[in-house]
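> quick one, what's the 3D model for this:
(2 chains)
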Amino acid sequence: MIPILSFSEIIELILKVLIFPGLAFPLLFAMIVIWFERKFLARIMLRIGPLHVGPLNRTGLFQPIADFLKLIQKEIIVPDNAYKILYNAAPIIASIVASMSVAFIPYAPKPDGGYWMIYYTPWSLLVILAIFTARPFIMVGAGWASNSKYCTLGAIRAALQLLAYEVPIALSLVSIVIMSRTFDLAKIVEAQSSIWFIILQPIGFIVILIAMMAELSRRPFDIPLAEQEVVFGWPTEYTGTQFALVMVSEYFDLCAVTSLITVLFLGGWSGPAIPILNDVSPILSGVFWFLLKMAILTVIIIMGRGIYPRLRIDQLLDAGWTLLIPLAIIQIIITLFTAQWWIPLLGGV
Amino acid sequence: MNAAFDLLALSLYFLISVLTPISLYGMGLIFGERKPTKEKNMPFECGQVPIGKAHTRVTVHYYPYALIYGVFAAFAILMLVSAPYLAEFELKTIQFGLIGLPLIVIIVLSIVLMIAAISLKNVRLWRS
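Numbering: from 1, shown residues only, chains lettered A, B, ... in the order given. I've put the predicted structure just below:
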């Protein structure tokens, strides 16, 4: 029994699955961010960066496409003593898991009362937490299956780091849930229609931003991938398209993380309606504000790579356990004592 | 209808997100060269021939972290599960002029775990 869809529903389905939160959006995000990261870091370091490829003069706008086309032509090398099935499956599983978390994030409200997201569930926060928790297993699996010393070291480092920084993330999510009294990401955004949670919970925002940078292995926390110590960490042995898949899954994760922080702390799609976009479709205005906030967060996360030196592993673990977890717990206690004043001011709940 | 529509969208998206990486991998297999040699298929160790096993062990320094992770994960799950009810509970206790026992338990537990997390560094230094 297949339910018969109307024409507008088919259009909505295609738009959702293929264009906006679906396939094209994370891919485009990954390409734009890879280009922007290279150009931006080059400008920080007083270099020029990608230059020749692309339509506009001296921008190198199509450099990621050129890199991708080159990576497709490269040989896929499988080391002789690697565990072949797990080794070949790990990049594919990594990119599937990374792209799934986008499906549960609400990007804009629809005029009929629903939300512009692929799958609506009242437990979306827990689903996304579960998807993030699955990532260290893929890294450890890939590093172990490569059967190489650098990969093993990188996998061990990734496991230590990601486990240490999962607890502060979960604890700073707790203070959000105390305030909004729901696990539903769409309802959490509606609760912020008058005041954003970044104003009510600044400590929680800082904790989750730092912990997410560590989860993504960005620069001050890129110990699992440290080039000077363990060649490229757990994906050292990957070449060609497998390497491309690993990189793309990393940027899919960046997309999911910035979306999640936008939803949790920056009020999601909330913002003044823009008349030009509203004339086309009422969804577009919310999408515009969402993408703007995502872009600001992405720039902040990328900037760390240009300005901070790398931490040592013991500094990193001590920072996670003795600084971020106590800060998150302090935020929970403050929220418990002040929630009575703020909850009447929140909208939507 | 709405739930069925969402489920259809999710399953289509899952199908696409499975097919895309597999087709990319397939493209790599088709368009890439395949000329394996003995040197190329060695584990990457900057040109040296690898000695010994690759699966090394972690130093025991980091064992306290593994132990205490269990405690903190359990604490985080407890807090996440009880979080939607904590604020309502607090509003009610203020309304009735009482202080709730579960709230006190949770605050005391948080403070104890906070102190435990801060002193973890000293424990590691003391062990070594």
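> tell me which helix or strand the closest residue in space to A:Ala134 that isn't next to it in sequence sits in.
Nearest residue to A:Ala134, sequence neighbours excluded (C-beta to C-beta, 6 or more residues apart in numbering or on different chains): A:Val97, at 5.5 Å. In short, each C-beta sits where N, CA and C put it, glycine included. Assessed by DSSP states H and E, A:Val97 sits inside helix A:84-100.
> got a list of contacts for that helix?
Contact with helix A:84-100 is made by A:26, A:78-79, A:131, A:134-135, A:138-139, A:141-142, A:144-146, A:235, A:237-238, A:242-243, A:245-246, A:248-250, A:252-253, A:256, B:14, B:17-18, B:20-22, B:25, as judged by C-beta atoms under 8 Å, 6 or more residues apart in numbering or on different chains.
> what does stretch A:258-269 rub up against?
The contact list for stretch A:258-269 (C-beta under 8 Å, 6+ apart) reads A:101-102, A:105-109, A:128, A:173, A:176, A:185, A:188-189, A:192-193, A:196-198, A:201, A:204-205, A:208-209, A:212, A:285-287, A:289-290, A:293-294, A:297-298, A:301.
> which helix runs longest in the chain?
Since you didn't name a chain, this refers to chain A. With secondary structure taken from DSSP state H, chain A has its longest helix at helix A:149-180.
> wrong chain, I was asking about chain B
Longest helix of chain B, by residue count under DSSP H: helix B:63-96.
> follow-up on the earlier one: is the longest helix of chain A up against chain B anywhere?
Yes - residues of helix A:149-180 contacting chain B under C-beta under 8 Å from any C-beta of the partner chain: A:149-153, A:156, A:160, A:163-164, A:166-167, A:170-171, A:173-175, A:177-179.
> in PyMOL, how would I select just the buried ones from those?
In PyMOL, a selection of the buried entries from those looks like this (16 or more other C-beta atoms under 10 Å in any protein chain shown):
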select buried, chain A and resi 149+150+151+152+153+156+160+163+164+166+167+170+171+173+174+175+177+178+179
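> can you give me the helices in chain B?
Assigned by DSSP H, the helices in chain B fall at B:2-31, B:63-96, B:101-127.
> can you give me the offset of the shortest one from its chain's centre?
Spelled out, it's helix B:101-127. 21 Å (C-alpha atoms, centre = their mean, to the nearest Å).
> same thing with the longest one?
Counting by C-alpha atoms, centre = their mean, helix B:63-96 is centred 18 Å from the centre of its parent chain.
> residue contacts, the closest residue to chain B within the stretch 101-250 of chain A?
As assessed by C-beta to the nearest C-beta, chain B sits closest to A:Thr241 within the stretch 101-250 of chain A, at 2.9 Å. A:Thr241 is in contact with A:Leu71, A:Ile72, A:Lys74, A:Ile76, B:Leu24, B:Tyr25, B:Met27, B:Gly28, B:Gly32, counting by C-beta under 8 Å, 6+ apart.
> which among those gets closest to A:Phe7?
Using C-beta to C-beta, B:Leu24 comes nearest to A:Phe7 of the contacts of A:Thr241, at 32.4 Å.
> need the per-residue pLDDT for that closest one.
Predicted confidence (pLDDT) for B:Leu24: 90.
> A:Val246 is in contact with that one, correct?
No - between B:Leu24 and A:Val246 there is no contact under C-beta atoms under 8 Å: 11.5 Å.
> spatially nearest residue to A:Phe288, not counting backbone neighbours?
Among residues not flanking A:Phe288 along the chain, A:Leu277 sits closest, at 5.8 Å (C-beta to C-beta, 6+ apart).
> how near is the one you found to chain B?
Note on A:Leu277: its distance to chain B, by C-beta to the nearest C-beta, to the nearest Å, is 24 Å.
> so what's the backbone phi/psi at A:Tyr115?
A:Tyr115 adopts backbone torsions of phi -130, psi 150, taken as degrees, to the nearest 10.
> from what I see, it and A:Thr121 are in contact.
No - counting by C-beta under 8 Å, A:Thr121 is not a contact partner of A:Tyr115; they are 11.0 Å apart.
> neighbours around residue 109, how many?
Reading this off chain A. 20 (other C-beta atoms under 10 Å in any protein chain shown).
> um, chain B though
When counting by other C-beta under 10 Å, one arrives at 14 neighbours for B:Leu109.
> before we move on, the earlier item: the longest helix of chain A versus helix B:63-96: what angle between them?
10 degrees (axes from the mean of the first three to the mean of the last three C-alpha atoms, to 10 degrees).
> next SSE after helix A:149-180?
Next element after helix A:149-180 (DSSP H and E): helix A:185-191.
> any idea how far that following helix is from the chain center?
19 Å.
> how about the contacts made by the closest residue to A:Gly304 other than its chain neighbours?
Leaving aside its chain neighbours, A:Gly304 sits nearest to A:Arg219 (4.7 Å; criterion: C-beta to C-beta, 6+ apart). Going by C-beta under 8 Å, 6+ apart, A:Arg219 touches A:Gly304, A:Arg305, A:Gly306, A:Tyr308, A:Arg310.
> ok, now how distant is the third one from A:Ile169?
Computed with C-beta to C-beta, to the nearest Å, the distance linking A:Gly306 and A:Ile169 is 24 Å.
> what of A:Glu227?
Counting by C-beta to C-beta, the gap from A:Glu227 to A:Ile169 is 26 Å.
> between the two, which has more neighbouring residues?
Remark: of A:Glu227 and A:Ile169, A:Ile169 carries more neighbours, 23 against 10, as counted by other C-beta under 10 Å.
> give me the neighbour count for A:Gln63.
A:Gln63 sits with 20 neighbouring residues when counted by other C-beta under 10 Å.
> and B:Ala74, by the same measure?
When neighbours are defined as other C-beta under 10 Å, B:Ala74 has 10 of them.
> which pLDDT value goes with it?
At B:Ala74, the model reports a pLDDT of 87.
> got it, and A:Val246?
So A:Val246 comes in at 90 (pLDDT).
> so the helix or strand that contains it versus helix A:149-180, what angle?
Secondary structure from DSSP H and E places A:Val246 in helix A:240-265. Per the same axes, to 10 degrees, the angle that helix A:240-265 makes with helix A:149-180 is 20 degrees.
> tell me what the helix or strand following helix A:240-265 is packed against?
Toward the C-terminus, helix A:240-265 is succeeded by helix A:275-280 as the next helix or strand (DSSP H and E). In this structure, helix A:275-280 makes packing contacts with helix A:282-307, judged by 3 or more C-beta pairs under 8 Å, 6 or more residues apart in numbering or on different chains; DSSP states H and E.
> could you measure from the residue nearest the centre of chain B over to chain A?
Nearest residue to the geometric centre of chain B (C-alpha atoms, centre = their mean): B:Ala73, 9.6 Å. For B:Ala73, the distance to chain A (C-beta to the nearest C-beta) stands at 7 Å.
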